[in-house]
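1. need a structure here:
(one chain, ligands or ions: 1)
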Amino acid sequence: MAPSTVTPQMYHSAFTTTLDTLLHDRTQSNSALRERAQLHLAVLDRPQVASYTLPDLDPCLEITAKRVFIAMYQVGDEFHKPASARFVSAGICACAEVIATSSGWHHELHALTSDERLVEALNQLAMDLLTDLRCPFIRSRKFRPEDEAQWLELQRVVVKRDHHLCLLCGRLIWDGPAGDCVKYACHARTDRPCGGRIFQRSILEPDEPNTVHERSYFTLRRYCGLNETSLDVFSPRNTLLLHDPALKAFSHFLWSLKATAKADQYRVVVFAPDHNLGMKYPSVVTFKPHNKHPEDHLPEEILELPSPELLLVHAMFGSVLEYSGCRNALIRPNVILNLPNCDSGGTALAQRLSHMWSIAGLRQHVMKFARKLGRLS
Ligand SMILES: [Zn+2]
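-> Numbers count the residues shown, from 1 in each chain. Modelled structure (predicted):
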């Protein structure tokens, strides 16, 4: 995703205090709080407001605040995280409480009636939560020369850590075009090995502009259960080793990794099969840590596997994007071309199209055309 320099303001303290009070209020069960939240959300079903779409998103996609809240609930339930679902309930109830009692809401409200004000505030909250969840995956500045050097060193480490193998297809990372995850057309297709970052921003580095902002961290801690208190973005635990297109698809939330009960094993969750035609996904992948023998003298960083917490945030946000229908609005994975599936009889056509769209193919076509012109003149 492109660099962004916008830093949203932290939520108003009236809202955060009310939200945290509700989160920890033992007298209200998860289901009781959820019922209260549903009553507030009912205001969004009224015929005159039911078609309101989120203000910053393409109205054609019909993304409403209610779709976002329902998606966030669904993800909490699916990941067996009752605290996540409770956070959504507490957020909705806190929003309703503060706009009813004080001016503690952090946006200006223009609506006049109390119901209209609630509709306006819930729309703002849904958009804010999406922004918070998306924050770790947007760079806030371009690479600096010193970043480049760090990045190259990190690539060297993760190539060694992952035994020179692409996590997704298990083929040698140097065999780009032969890798199973490189068999679909993509204008970014290359044969380069790629160390892919999970988070594009570090965590809690106040002097560094490329860090997850305070408001996002507030939401990530509560909704995703993120406990990481620091993260160097250039660290092995923030890095996966993948062929280029697989990394592109990962950063576009077309697939994600969901932890299984087995240590270091993840289920591969494919969100958008239509965008991935021709791409083969294994059902599970397993990180294979090096055995630590003192005589090996392996540097500590080679033993550092990708952080399950960071992967969880990626998987939860990817699921929210999927269920709310927001992916095309926020991520725009349009560089991944839809092509016939290589496994269903469309192999030849897919390969031809793939070749035409690759840089090398395009160059050949241009040269052929130039030769024709030369013969004619
Ligand atoms: Zn691969």
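
2. Is the closest residue to the ion within the stretch 201-350 of the chain bridged to anything, and to what?
-> Nearest residue of the stretch 201-350 of the chain to the ion: residue 243, at 3.6 Å (CB to the ion). No exception for glycine: its C-beta is placed from N, CA and C like everyone else's. In this entry, residue 243 is beta-bridged to residue 193, by DSSP bridges.

3. Check what pLDDT it gets.
-> In this prediction, residue 243 carries a pLDDT score of 83.

4. okay but it is in contact with residue 173, surely?
-> Yes: at 6.9 Å, residue 243 and residue 173 qualify as touching, with contact defined as CB atoms under 8 Å.

5. Those two: which has the busier surroundings?
-> Between residue 243 and residue 173, residue 243 has the larger neighbour count (other CB atoms under 10 Å), namely 30 against 24.

6. any idea how far residue 29 is from that one?
-> Per CB to CB, to the nearest Å, residue 243 is found 47 Å from residue 29.

7. In the chain, what helix or strand scores lowest on average pLDDT?
-> For the chain, the helix or strand with the lowest mean confidence is helix 347-357, at a mean of 38 (criterion: mean pLDDT, DSSP states H and E).

8. mean confidence score for stretch 217-231?
-> 94.

9. what comes up buried for it?
-> Buried residues in stretch 217-231, counting neighbours by 16 or more other CB atoms under 10 Å, are found at 217, 218, 219, 220, 222, 223, 224, 225, 226, 228, 231.

10. Then stretch 144-162?
-> For stretch 144-162, the neighbour count (16+ other CB under 10 Å) marks 151, 154, 155, 157, 158, 159, 160, 161, 162 as buried.

11. mind listing what the last one touches?
-> Spelled out, it's residue 162. 173, 241, 287, 288 (CB atoms under 8 Å, 6 or more residues apart in numbering).

12. from those, which ones fall inside helices?
-> If you go by DSSP state H, those have nothing in helices.

13. can you give me the helices for the stretch 51-200 of the chain?
-> 65-78, 82-101, 114-134, 145-161 (DSSP state H, counting those that start in this stretch).

14. Let me see the mean pLDDT of the last one.
-> To tie it back to what came earlier, the one meant is helix 145-161. On average, helix 145-161 scores 86.

15. residues making contact with that helix?
-> The contact list for helix 145-161, computed with CB under 8 Å, 6+ apart, reads 143, 173, 193-195, 234-236, 239-241, 290, 299, 301-305.

16. swap in the second one?
-> Identification of contacts with helix 82-101 by CB under 8 Å, 6+ apart yields 12, 14-15, 18-20, 22-23, 30, 33-34, 36-37, 40-41, 69, 72-73, 75-77, 104-105, 109, 114, 117-118, 121-122, 125, 129, 219, 222-225, 316.

17. on that earlier part again, among the contacts of helix 145-161, name the ones in strands.
-> 193, 194, 195, 239, 240, 241 (DSSP state E).

18. Next one: residue 34 from residue 234, what distance?
-> 40 Å.

19. for residue 124, same thing?
-> Residue 124 is 35 Å from residue 234, by CB to CB.

20. Likewise for residue 217?
-> 19 Å.

21. pretty sure residue 307 is in contact with residue 237, am I right?
-> Yes: contact criterion CB under 8 Å: residue 307 and residue 237 qualify, at 4.3 Å.

22. which neighbours do those two share?
-> What both residue 307 and residue 237 touch, as defined by CB under 8 Å, 6+ apart, is the set residue 231.

23. Number of residues surrounding whichever residue of the stretch 1-150 of the chain sits closest to the ion?
-> Closest to the ion within the stretch 1-150 of the chain is residue 137: 21.0 Å, counting by CB to the ion. When counting by other CB under 10 Å, one arrives at 22 neighbours for residue 137.

24. give me every residue that touches it.
-> Counting by CB under 8 Å, 6+ apart, residue 137 has contacts 1, 199, 200, 251, 314, 317.

25. Now list the buried members of these.
-> Using 16+ other CB under 10 Å as the burial test, those include 199, 200, 251, 314, 317 as buried.

26. Run a quick check on the last one versus residue 135, I expect a contact.
-> No: with the criterion set as CB under 8 Å, residue 317 and residue 135 do not qualify as a contacting pair; they are 9.7 Å apart.

27. Quick one: the strands in the stretch 251-377 of the chain, in order.
-> Using DSSP state E, counting those that start in this stretch, the strands of the stretch 251-377 of the chain run over 255-259, 265-270, 284-286.

28. can you redo the ones you listed as JSON lines with mean pLDDT, mean neighbour count and distance to residue 62?
-> JSON lines is the format used below for the strands of the stretch 251-377 of the chain (pLDDT from 0 to 100; neighbours: other CB atoms under 10 Å; distance: least, CB to CB, whole Å):
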{"stretch": "strand 255-259", "mean pLDDT": "95", "mean neighbour count": "21", "distance to residue 62": "24"}
{"stretch": "strand 265-270", "mean pLDDT": "94", "mean neighbour count": "15", "distance to residue 62": "24"}
{"stretch": "strand 284-286", "mean pLDDT": "94", "mean neighbour count": "16", "distance to residue 62": "35"}
